[in-house]
Structures are given as C-alpha cells and as structure tokens.
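Trainee: Let me see the structure of the following:
(one chain, ligands or ions: 1)
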Amino acid sequence: MEKLLEFKGVSKSYRSKSALNNISFGVEPGKIIGLLGTNGSGKSTLMKIAAGLMPASAGTTTVMGVPVGLATKSVVSFMPDHPLTESWMKVRDAVGFYRDFYSDFDEEKARKMLDFMNLHERDRVSSLSKGMNERLQLTLTLSRQAKLYLLDEPIGGVDPVARTKILDAIVEFYSEDSSLLISTHLVRDIERIFDEVIFIRDGEVVLQEEVEGLRLKHGKSVDDMFKEVFAE
Ligand SMILES: Nc1ncnc2c1ncn2[C@@H]1O[C@H](COP(=O)(O)OP(=O)(O)OP(=O)(O)O)[C@@H](O)[C@H]1O
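Mentor: A predicted model of the protein is given here:
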C-alpha cells in the first residue's frame, strides 16, 4: 500500500545541534498513530518537516508520494503546540479565519465540533482557559478535509477532564480515510486511541509497532513499554 506519509533518511540539525538523525518510517492511510518521545526527542521537528514548515537538512519526506511542499500543504492539516489564533478574535472569527484561508474547511463539521466541545461562537479566544483553547485549536485543525492530520501535543498542559474530552473528540470526528499522527509524552492517557505507535529517542526511531501486536508480543501496555524504553 502506498504510504500516506514517508520519511526516508531524514536528518535535521539546528546549527551544530542534531535534532533528527537518519529517520525513516512510513504512515499508512486510515490509522491513528502515536509519535511518542520524551522532551527534546525531536517530535515537533519531525512534525514541522512533514507540515512543510521547516526544511530537513538531509533526506526526503513525501505525502502521498509527493515531496513535501506547496502541493502537499493542501492535504496536510497541522495543529502546532502553540495556538494559531489571535487574542482579539472571538471563536466565530477564528472559524471565519480558517474558512477563508482553507478551501477544504468544513464549516458544518466545525459547528458540530464546537457544540461537542462546549465552545460558543461568541466566546473570546483571550478568555478561554488552556484546555478550552486546545479544544478550539483541535476543532479548527480537524475541520479541514485533509488526508493527514498532524497534532503536536494536543493534550499537553490540560487537566484530565479536558484530556478525555479532547480524545473523545478525536475519535468521534476522525474520518477513516485519513491518518492522524499525534505527538505526546503523556502516553497513559492517550494510548487507547492509537492503532500504531512510533517511539522516538534522541532524534532516532527506536520502535514502530501496531499497538495490538505490541501488547501481544510484550504483554505490556504502551505506557509500560514507553517507561521501559525511556528509563533514565
Ligand atoms: N529552533 C531551535 N534551535 C535550536 N535547537 C532547537 C530548536 N528547536 C528544537 N531544538 C532542539 O532540537 C531537539 C528536538 O527538539 P523538538 O522540539 O523537536 O523535540 P520535542 O520532542 O518536540 O520536545 P518537546 O516534547 O519538549 O516539545 C531538542 O534538543 C531541542 O533543544
């Protein structure tokens, strides 16, 4: 099967600091994949390269067989680890901004998601709590009709109630002909939604496995495996 996203020998250095070292892996369509690693392991860097926001220092990255660039941006929806909305906006302005900016934005889906998330169009973005803001960013990102969704730490820094809501929304609004790559180090809370996991440590892939296979083969949860692989 053709890979939806593929990294081949991708490396990235920031000046003399190496962040990614010869990364190769592929993502198939129709899967929710966890990109798991501790702080500084290279998750955000990898996501930014796949989103076409940052060039790699070496190697190739393709989306549906096409090298990452202008053409692939239209099928990739990226949620960075910081909000893209402006503080003057109300929720309705943020939705309008995405609708005007992305031709694949599905306003109907956005409204359903806002409702699910208990967000109101009249809410001011600046007055949203961190958890509510994460819900808004996720709504905007998933309301694009993309093929590949990249979510960088979508549950970082939010309380367990907000985490559950965010994960429920991902499962509820995920369309099965696309794939979702989700970076996090909060493995225990999120592992229930993954089909597959990729462990990244010091800029290198150390494991890629289907979650079911991993549980059968090692008799462990993803969280237990994560703690074992990343023990200091
Ligand atoms: N703009 C930058 N300039 C210099 N070094 C950077 C820059 N961005 C990231 N790095 C370094 O590259 C490495 C990988 O960083 P990256 O942000 O990709 O990791 P991460 O897994 O997303 O971390 P976190 O979970 O803390 O967000 C780290 O050592 C980081 O310090």
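Trainee: Just list whatever residues bridge to the residue most central in space within the chain.
Mentor: Centroid check for the chain by Cα atoms, centre = their mean gives residue 151 as the closest residue, at 1.8 Å. Beta-bridge partners for residue 151, by DSSP bridges, are residue 79, residue 182.
Trainee: do you know how far it is from the ligand?
Mentor: Applying Cβ to the nearest ligand atom, to the nearest Å, the value for residue 151 to the ligand is 12 Å. Placement of C-beta: from N, CA and C, glycine included.
Trainee: could you list every residue that touches the residue lying closest to residue 147 once chain neighbours are set aside?
Mentor: In space, and not counting its chain neighbours, residue 147 is closest to residue 75: 4.2 Å by Cβ to Cβ, 6 or more residues apart in numbering. Residues counted as contacts of residue 75 (Cβ atoms under 8 Å, 6 or more residues apart in numbering) are 63-64, 146-148.
Trainee: Tell me the one among the residues you listed nearest to residue 11.
Mentor: For the contacts of residue 75, the minimum distance to residue 11 (Cβ to Cβ) is 18.8 Å, reached by residue 63.
Trainee: how deep is the closest one tucked in, by neighbour count?
Mentor: Applying other Cβ atoms under 10 Å, we find 25 residues neighbouring residue 63.
Trainee: please renumber so the chain begins at 775
Mentor: Understood, numbering begins at 775; the last thing we discussed is residue 837.
Trainee: my guess is it meets residue 922, correct?
Mentor: Yes. Using Cβ atoms under 8 Å, residue 837 makes contact with residue 922 at a distance of 6.1 Å.
Trainee: what do these two both touch?
Mentor: With Cβ under 8 Å, 6+ apart, residue 837 and residue 922 have common neighbours 778-779, 824, 849-850.
Trainee: Which residue, other than its chain neighbours, is closest to residue 840?
Mentor: Residue 840 sits nearest to residue 846 (Cβ to Cβ, 6+ apart), 5.5 Å away.
Trainee: Let me see the residues that make contact with the host helix or strand of the one you found.
Mentor: Per DSSP states H and E: residue 846 is located in helix 844-847. Helix 844-847 has contacts (Cβ under 8 Å, 6+ apart) with 825-826, 836-838, 840.
Trainee: Let me know the pLDDT of residue 971.
Mentor: With respect to pLDDT, residue 971 scores 96.
Trainee: OK, contacts around it?
Mentor: 807-808, 810, 965, 981-983, 985, 988, 996.
Trainee: Top of these by number of neighbours, please.
Mentor: Neighbour counts for these peak at residue 810, which has 28 neighbours (criterion: other Cβ under 10 Å).
Trainee: what sits against that residue?
Mentor: By Cβ under 8 Å, 6+ apart, the contact set of residue 810 is 957-959, 961, 971-974, 996, 1000.
Trainee: Need the worst-confidence member of the residues you listed.
Mentor: Checked by pLDDT, those have residue 959 as the lowest-scoring entry (87).
Trainee: Next one: that one from residue 914, what distance?
Mentor: Note on residue 959: its distance to residue 914, by Cβ to Cβ, to the nearest Å, is 24 Å.
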